[in-house]
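Engineer: Provided below are the primary sequence and the corresponding predicted coordinates.
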Amino acid sequence: MEDEEYEENEDTENETDSEEDLEDREEKAFDDLRYDYKKAKEAKTIIDNLIIEWDDLYNGKKFGGENKQKSQIVMKEIAKQIEWQKPAIMEPFTSTSNPIRLKTSKNEKRSRIMQKYLNGQFAGEFDREDFMDKLSDVLLREGTVWVRTGWDYSETKKVEVKPNVTMEDLLKEENEPSDIKQNKDGTFRAKYETTEMVRNIPTLEICRNEHIFPDPSARAMDECRFIIFKRFLTISELREADLYDEEKIDKLESKLQSSEREDTALGQVRDADDRDYGQDSTYQPKDASRKKVAILEYWGFYDLDGDGIAEPIVATWAEKEGCNLHIGENPYPSKKIPFERGVYSARPFSLWGNALAYFIGDNQKVKSGIMRGILDNMSNANNGQKFVQRGALDYVNFKRLRNGEKHIVVNKPDSIVDGSYNNLPQSIFTTMEMINQETKDLTGNTGYNSFAQKDNSEDNPSQLTMSQQRIAGTVRNIANVIGKSLKEWLSMAEVFLTNEQIEGMFTEQDAVDYFAFEDSTFVQTTVKVGTEATRSMRIQQLNMLMQQAKTLGERTPPDTIAALTAEMFELFDMYEKAEEIRNYKPEPNPIALKMQEIEMENKVLENQKLKAEIAKINSEVQLNGANTYSTIEYKQAQTAEKYAKAQSHKVSTALAPVDAITKARQINNKQGGQ
């Protein structure tokens, strides 16, 4: 007994030691993660100041040092250019029900099924209009946009009470009752608690740049070992997440006292600007459940188990209150950091990009200065005044002039002169036009029809103009960000989707094809979108190919023309017709089938006739073998005789010139001897 008690005590001590070791490791981990947050926050100071400067230019804030006695106008050139660009950037993603064109490296059929799923999610429950509006606005205004990929799952509990149920009915129920009591009449009162799924969908979130703190040592996303994201959640949302310990939440709730928020300089400036639009970031409700708290989420890699290898983790803590909430393994299937970033103009070896204001901010300042000078000149002019020469009017007519009457008698002609604005030099308008042209060249906004097809070159109508290429480049940058995020959607869907959802979204065969591969790492998604100009150019190219359909049909596989036709239907936003063309298999003509059968029968008869003739010839050869052999010997002898005669003829022909020369020499010798 003593040995058993000793062993139990030893096991209890080991468990206690292991729990203490785990708490010590977690405490050390949170200290290290806080150090990462401190360094990442310090490294962001300069880029935060640049974003503040770019936002001030967008909002048309004064430059400072203006003279109160003169014009202080600031031209909102950057805001206007951004508003010009946003529709062209958003249109490829929001104007069609199937904006995503997906291609995989192996299975084309599965690719179309995955494309159907992504388009259904992106253009369905997901608010893509609001998402694309925020994404394009932040990208152009601040130069860098961060997108957080996630999965939204929520469920509700239902309670059902059956007061009078027999034992037979209880046994037939699929679910076990959570509580059961027997009634006096022998029946039972059963209580059933069930959970019902409310939401189970992927999400995309535009993050505020002041709330993103990436690895300060990283020069590219592949080198980024962590990203810290600040979120504001209520106490109620923390409890509903079912991820944090209730004691820790209670401790956090007790420390919520001040309503002031600690934020970066960029966050403070943004909150101050938002007050003009009715937002108060310092507001806190009186009840505890709705009070918001700043939570830091750490997504990255850290060695939790002490084996020397950093594992993908997620950790959360409240920085201001000093409460550690949770640390554990990354719950997403890919184990990647669930953030992607896009830039308007990339800076080499940097996670942050330059905004539109970086390029045309000087133009806005110069244009504002010129406009201030024009307004000051006009305000100091004598426009609206009348100059009357002395003695030109008597008292009665002068009074009529002041009262604005139409009929005035003037004693002297040309004695009344109207004042006017001062003439402006032509160089002012030349400079303004030069600034406007440079702005158009940098942004791609060339006027009302800047993205229309007729703005193309007359020599080559299928070639994009520089303005269209600029917009198309921005669209490709956004498509790259969305493509990477949608790839994460696919990896999450294969794990988190329920069978009921799969059956509701796909046909039975499509579901089998979609989940045919257990390993989803082979999936290489490529999101292809285009502006209206690039789409029109592609339609022209396909139209030219279709005009050569007869020639192409003789030199290409049979399905080529159908594939080109289906692609053209997709460009016209007729995706159902495109699928019909791809899946179309023409039924054979019964007359053509009958003709083929007749041709096959004729070929069989011809083959049989040919075989009979060959057999007849072989039999004749066998019966007349000796005669045939004699005939062959005779022909061989004849051939040898003819060959010998031909050889002798060749020799005599070759010696003929020699005999002629010899005879000529003999004749000459005789004549000389005489």
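Structural biologist: Noted; the coordinates are in hand.
Engineer: Please make it C-alpha for all contacts and neighbour counts, starting now.
Structural biologist: Fine.
Engineer: hey, which helix or strand in the protein has the poorest pLDDT?
Structural biologist: Using mean pLDDT, DSSP states H and E, helix 625-673 stands out as the lowest-scoring helix or strand of the chain, at a mean of 52.
Engineer: what about stretch 178-190, how long is it end to end?
Structural biologist: With Cα to Cα, to the nearest Å applied, stretch 178-190 spans 8 Å between its terminal residues.
Engineer: Over to residue 410. Which of the three states is it?
Structural biologist: Here residue 410 is recorded as coil under DSSP: H, G, I helix; E, B strand; the rest coil.
Engineer: So what's the residue count around it?
Structural biologist: By the criterion of other Cα atoms under 10 Å, residue 410 has 16 neighbours.
Engineer: Wait, residue 391 touches residue 413, no?
Structural biologist: No. Under the criterion of Cα atoms under 8 Å, residue 391 is not in contact with residue 413, lying 11.2 Å apart.
Engineer: Same drill for these two, tell me which one is more crowded.
Structural biologist: Neighbours of residue 391 and residue 413, each counted by other Cα under 10 Å, are more numerous for residue 391; the result is 11 against 8.
Engineer: Dihedrals phi and psi, the more buried one?
Structural biologist: Per-residue torsions, residue 391: phi 80, psi 0 (degrees, to the nearest 10).
Engineer: How much space separates the nearest residue to it once chain neighbours are set aside from residue 355?
Structural biologist: With sequence-adjacent residues excluded and distances taken as Cα to Cα, 6 or more residues apart in numbering, residue 391 is closest to residue 411, at 7.3 Å. Taken as Cα to Cα, the spacing of residue 411 relative to residue 355 amounts to 66 Å.
Engineer: cool, residue 37 as well?
Structural biologist: Counting by Cα to Cα, the gap from residue 37 to residue 355 is 25 Å.
Engineer: what's the burial count for residue 93?
Structural biologist: 23.
Engineer: what's the following helix or strand after the helix or strand containing it?
Structural biologist: Using DSSP states H and E, residue 93 sits in helix 77-94. Downstream of helix 77-94, the next assigned helix or strand under DSSP H and E is helix 108-122.
Engineer: Just name whatever secondary elements that following helix is in contact with.
Structural biologist: helix 466-496, helix 508-514 (3 or more Cα pairs under 8 Å, 6 or more residues apart in numbering; DSSP states H and E).
Engineer: Also compute the angle for it relative to helix 77-94, please.
Structural biologist: 130 degrees (axes from the mean of the first three to the mean of the last three Cα atoms, to 10 degrees).
Engineer: just to revisit the earlier point, what about residue 411 and residue 355, which has more around it?
Structural biologist: Per other Cα under 10 Å, whichever of residue 411 and residue 355 has more neighbours is residue 355, with 24 against 12.
Engineer: residue contacts, the more buried one?
Structural biologist: Counting by Cα atoms under 8 Å, 6 or more residues apart in numbering, residue 355 touches 54, 139, 140, 141, 142, 143, 144, 344, 345.
Engineer: Tell me which entries of the residues you listed lie within strands.
Structural biologist: residue 144 (DSSP state E).
Engineer: could the contacts of residue 355 go into CSV alongside distance to residue 74 and neighbour count?
Structural biologist: Below are the contacts of residue 355 laid out as CSV (distance: Cα to Cα, whole Å; neighbours: other Cα atoms under 10 Å):
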residue, distance to residue 74, neighbour count
54, 14, 23
139, 23, 25
140, 19, 26
141, 17, 24
142, 19, 27
143, 22, 24
144, 25, 24
344, 24, 24
345, 25, 19
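Engineer: which residues of the stretch 251-400 of the chain score low on pLDDT?
Structural biologist: Applying pLDDT under 70 to the stretch 251-400 of the chain picks out residues 257-261, 384.
Engineer: Show me the chain divided up by domain.
Structural biologist: Annotated domains of the chain cover 63-143+355-381+426-547, 382-420, 626-674 [automatic domain parsing].
Engineer: which stretch in those has the least confidence?
Structural biologist: Lowest mean pLDDT of the domains of the chain: domain 626-674, a mean of 51.
Engineer: mind listing the strands for the stretch 301-450 of the chain?
Structural biologist: 311-318, 323-329, 339-343, 386-388, 416-418 (DSSP state E, counting those that start in this stretch).
Engineer: Mind checking these for the one nearest to residue 216?
Structural biologist: When the strands of the stretch 301-450 of the chain are compared by Cα to Cα, strand 339-343 sits nearest residue 216, at 15.0 Å.
Engineer: Okay, angle between that closest one and helix 466-496 too, please.
Structural biologist: 180 degrees.
Engineer: and residue 404, how many neighbours?
Structural biologist: 10.
Engineer: List phi and psi for it.
Structural biologist: Phi and psi for residue 404, reported as degrees, to the nearest 10, are phi 80, psi 20.
Engineer: Distance of it relative to residue 381?
Structural biologist: In terms of Cα to Cα, residue 404 sits 22 Å off from residue 381.
Engineer: that older thread, out of the helices and strands packed on helix 108-122, which is the most enclosed?
Structural biologist: Among these, helix 466-496 has the highest mean neighbour count (mean count of other Cα atoms under 10 Å), at a mean of 19.
Engineer: Now the following helix or strand past it - C-alpha only, CSV.
Structural biologist: Remark: after helix 466-496, the chain's next helix or strand is helix 499-505, criterion DSSP H and E. The C-alpha coordinates for helix 499-505 follow below in CSV (Å, rounded to 0.1, in the frame of the first residue of the first chain):
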residue,chain,number,x,y,z
ASN,A,499,-21.1,17.3,-46.2
GLU,A,500,-24.4,19.1,-46.3
GLN,A,501,-22.8,22.2,-47.7
ILE,A,502,-21.0,20.2,-50.4
GLU,A,503,-24.2,18.5,-51.4
GLY,A,504,-25.9,21.8,-51.6
MET,A,505,-23.3,23.5,-53.7
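Engineer: buried residues in helix 499-505?
Structural biologist: Neighbour counts over helix 499-505 (16 or more other Cα atoms under 10 Å) mark residue 502 as buried.
Engineer: Same question for stretch 32-40.
Structural biologist: Neighbour-count burial for stretch 32-40 [16+ other Cα under 10 Å]: 33, 34, 36, 37, 40.
Engineer: Then stretch 236-244?
Structural biologist: For stretch 236-244, by 16+ other Cα under 10 Å, it's 238, 244.
Engineer: what's that stretch in contact with?
Structural biologist: Stretch 236-244 is contacted from outside by 246, 249, 289, 290, 325, 326, using Cα under 8 Å, 6+ apart.
Engineer: now that stretch, how far from the chain's geometric center?
Structural biologist: A distance of 32 Å separates the centroid of the chain from that of stretch 236-244, by Cα atoms, centre = their mean, to the nearest Å.
Engineer: now the end-to-end length of that stretch.
Structural biologist: End-to-end distance for stretch 236-244, by Cα to Cα: 12 Å.
Engineer: cool, and stretch 207-227?
Structural biologist: Taking Cα to Cα, stretch 207-227 runs 12 Å from one end to the other.
Engineer: Name the residues that touch it?
Structural biologist: Residues outside stretch 207-227 that contact it (Cα under 8 Å, 6+ apart) are 36-37, 39-41, 43-44, 48, 144-148, 228-231, 264, 266-267, 298-301, 337, 339-340, 349-351.
Engineer: and what of stretch 78-88?
Structural biologist: Identification of contacts with stretch 78-88 by Cα under 8 Å, 6+ apart yields 57-59, 133, 136-137, 140-141, 356-357, 360-361, 364, 443, 445, 451, 471, 531.
Engineer: would JSON lines of the helices and strands packed on helix 108-122 with distance to residue 83 be doable?
Structural biologist: Listed next are the helices and strands packed on helix 108-122 as JSON lines, based on distance: least, Cα to Cα, whole Å:
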{"stretch": "helix 466-496", "distance to residue 83": "13"}
{"stretch": "helix 508-514", "distance to residue 83": "40"}
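Engineer: Would you mind saying which of these lies nearest residue 112?
Structural biologist: Using Cα to Cα as the measure, helix 508-514 is the one of these that comes nearest residue 112, at 9.3 Å.
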